[in-house]
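1. I need the structure of the sequence given here:
(one chain, ligands or ions: 2)
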Amino acid sequence: MGTVTDKERIDEALELLWVLDEEGHNELDRFSLSSDDPDTTLIVETLLNEGFASISGKEILLTEKGRKTARGLIRRQRLAERLFSDVFEMSDDSVVNDACKMEHILSEELTESVCTFLGHPPTCPHGKAIPRGECCKKLKIEVTPVVTRLPEFEVGATGKITFIVPSEPSRITKLNSIGISAGSIIKLIQKKPSCVLQIDETTVAIDPEIAKEIYIKKVIK
Ligand SMILES: [Zn+2]
Ligand SMILES: [Zn+2]
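-> Ligands and ions are numbered 1, 2, ... in the order given. From the prediction side, this is the model:
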């Protein structure tokens, strides 16, 4: 019996286990069906031998070691997706493909810089959670974030909304109906007592609680 030594194949398998776990599917069968690996039996054996996963009944579960590695990979991949979509404004399809390679390239240090630069985004462009890093806890501002939350945005500046992370999904529809959605160009008029934005010719006021859920990038004219 051999083992897989190609790190990229192991990484892909760990990422898949993480994603399936998020979806509540830990079945070994499910993993084998979803995996693109040329030899799923062998990759599973490698994961078990390396202590990345364990089998429990019909399920394959990440061990603590496996979770730690997968978490880092997923974090880098989803941050890369954000970077490509928010900063380089690439289309969704190319985002996933390029981001898929990025997680193998980004170093720990670079990951923190990218996360800070993007304003510690909580989710990827597909709405999946980005595992938090040390930088997110400390919120150190060594690099000026390109994307900030609306309450931290500069009054008088014009920005483009990059994404909205609503605590209540129904908020998105409400915000969209007043012209606030990802891609909208707005000017911040005031922050207190409520956030007042100018969108085209209209002025709208939004609750500070909701303003915190809106992420914005400055537009340089
Ligand atoms: Zn994503
Ligand atoms: Zn961070």
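
2. buried sites along stretch 10-28?
-> For stretch 10-28, the neighbour count (16 or more other Cβ atoms under 10 Å) marks 10-18, 20-21, 26, 28 as buried. (Glycine included, C-beta is placed from N, CA and C.)

3. er, stretch 47-59 I mean
-> Of the residues in stretch 47-59, those buried (16+ other Cβ under 10 Å) are 47-48, 50, 52-53, 59.

4. before we move on, the earlier item: pick out whichever of the buried residues of stretch 10-28 sits closest to ligand 2.
-> Trp18 (18.4 Å; Cβ to the ion).

5. and of the buried residues of stretch 47-59, the nearest to Ser85?
-> Of all the buried residues of stretch 47-59, Ser85 sits closest to Phe52, with 29.6 Å by Cβ to Cβ.

6. and that closest one, what pLDDT?
-> The model reports Phe52 with a pLDDT of 97.

7. next up, the contacts around it.
-> 10, 14, 62-63, 65-66, 69 (Cβ atoms under 8 Å, 6 or more residues apart in numbering).

8. cool, Lys217 as well?
-> Residues in contact with Lys217, defined by Cβ under 8 Å, 6+ apart, are 86-87, 146-148, 159-160, 162.

9. what pairs with the host helix or strand of it, parallel or antiparallel?
-> Lys217 is part of strand 214-218, with elements assigned from DSSP states H and E. Here strand 214-218 is paired, per DSSP bridges, with strand 147-149 (antiparallel), strand 158-164 (antiparallel).

10. next one: that strand to chain centre, how far?
-> Averaging C-alpha positions (Cα atoms, centre = their mean, to the nearest Å) puts strand 214-218 15 Å from its chain's average.

11. kindly report the same for stretch 154-173.
-> 16 Å.

12. ok, stretch 126-139 next?
-> 8 Å.

13. quick one: is that stretch near ligand 2?
-> Yes. Against ligand 2, stretch 126-139 shows contacts by Cβ under 5 Å from the ion at 133, 135-136.

14. return the residues of this structure in contact with ligand 1.
-> Counting by Cβ under 5 Å from the ion, the chain comes close to ligand 1 at 81, 124, 126.

15. secondary structure element holding the residue nearest to the last one when sequence neighbours are not counted?
-> With Cβ to Cβ, 6 or more residues apart in numbering as the criterion, His126 has its nearest non-adjacent residue at 7.4 Å, and that residue is Glu81. Glu81 belongs to helix 64-82 when elements are defined using DSSP H and E.

16. tell me what that helix is packed against?
-> helix 7-22, helix 92-102, helix 108-117 (3 or more Cβ pairs under 8 Å, 6 or more residues apart in numbering; DSSP states H and E).
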